[in-house]
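Chemist: Here's a sequence, model it:
(2 chains)
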Amino acid sequence: GENVEQHPSTLSVQEGDSAVIKCTYSDSASNYFPWYKQELGKRPQLIIDIRSNVGEKKDQRIAVTLNKTAKHFSLHITETQPEDSAVYFCAASSISGGYQKVTFGIGTKLQVIP
Amino acid sequence: NAGVTQTPKFQVLKTGQSMTLQCAQDMNHNSMYWYRQDPGMGLRLIYYSASEGTTDKGEVPNGYNVSRLNKREFSLRLESAAPSQTSVYFCASCGVGTGSGQETQYFGPGTRLLVL
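Modeler: Got it, this is the predicted structure:
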C-alpha cells in the first residue's frame, strides 16, 4: 500500500520568514496530493492541492511543488504570519475501486513566532 | 449547506459501553470515511463507504462497525469500548469522480471520545 512520510514533525519560524514542509510517497499510482491545515481543536481543511500532471501550483502565499520522478512534494509558505500556526498534513491519493484512497502524513506542527 | 456534520461533539464512556457516532453530509457525495486521529499518528482510516450500500475496512477497523444508512449518513459504532479507542474521530466525504475538485475530502468537526 501507499506510504507517506512527512518532515519535519515540528517547525518554528520567525514571522515573515518562509516555511517548507516536505513529503514523500511510495505508490506511483497516486495522482492527487492535497494539503490540509488543522488549527487546534478544529477539523482539517484543504488549503491547496496538486495533481500529477502539474509541477507547481500557487495560491497567494502558499505554493506546492511536485516531483513525480522522485515521488516527493512540498508545501511552501512565504511571509509567514502568526495565524499560519497550525498542524499541516500532506496526503497522497488515487482512485481505486470507485473510491478515493487517501494516505496522510503524520503532520507538521508549525509555530510562527511573532 | 452545512457540509459534513457529526454528533456528538464529545463523549465519555466507561470500558465495555457501546455507542454510535453519527455523520451526515449534504453535498451529495458518494464516498464517506471514518478516521481516528491520535497524537503523532496522523489520520488513520477506520472504515470507508465508496457508495450507498457498500462498506469496507480501512487501516484500523478492529473494534468498530459501520452502517451506510443512505447516501447522506454514515455511522460508526463501538460495540464494547476500550481505553485504546480514546481518540478524536473525524468523518469525511468526497465526491470522487472525473471533475476537477471532486477528489477533495471534506471533514466534519470531529467527535472527542474518552474511554475510562
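Chemist: so where is chain A shaky, pLDDT-wise?
Modeler: A:98 (pLDDT under 70).
Chemist: Which positions in it make contact with chain B?
Modeler: Listed as neighbours of chain B in chain A under the rule Cβ under 8 Å from any Cβ of the partner chain: A:6, A:9, A:32, A:34, A:42-46, A:49, A:89, A:93, A:95, A:97-100, A:102, A:104-107. For the C-beta atoms, the positions are set from N, CA and C on the backbone; glycine is no exception.
Chemist: contacting residues for the residue of chain B found nearest chain A?
Modeler: Residue of chain B nearest chain A, by Cβ to the nearest Cβ: B:A50 (3.5 Å). By Cβ atoms under 8 Å, 6 or more residues apart in numbering or on different chains, B:A50 lies in contact with A:97-99, B:30-31, B:56.
Chemist: now what about stretch B:60-70, what contacts it?
Modeler: With Cβ under 8 Å, 6+ apart as the test, stretch B:60-70 has contacts from B:32, B:34, B:36, B:44-47, B:49, B:52-55, B:74-80, B:82, B:84-85.
Chemist: repeat that with 7 Å
Modeler: Stretch B:60-70 has contacts (Cβ atoms under 7 Å, 6 or more residues apart in numbering or on different chains) with B:32, B:34, B:36, B:44, B:46-47, B:49, B:52-55, B:74-79, B:82, B:85.
Chemist: Would you work out how far apart the start and end of that stretch are?
Modeler: Start-to-end span of stretch B:60-70 (Cα to Cα, to the nearest Å) is 23 Å.
Chemist: Do me a favour and average the pLDDT over that stretch.
Modeler: Averaging pLDDT along stretch B:60-70 yields 95.
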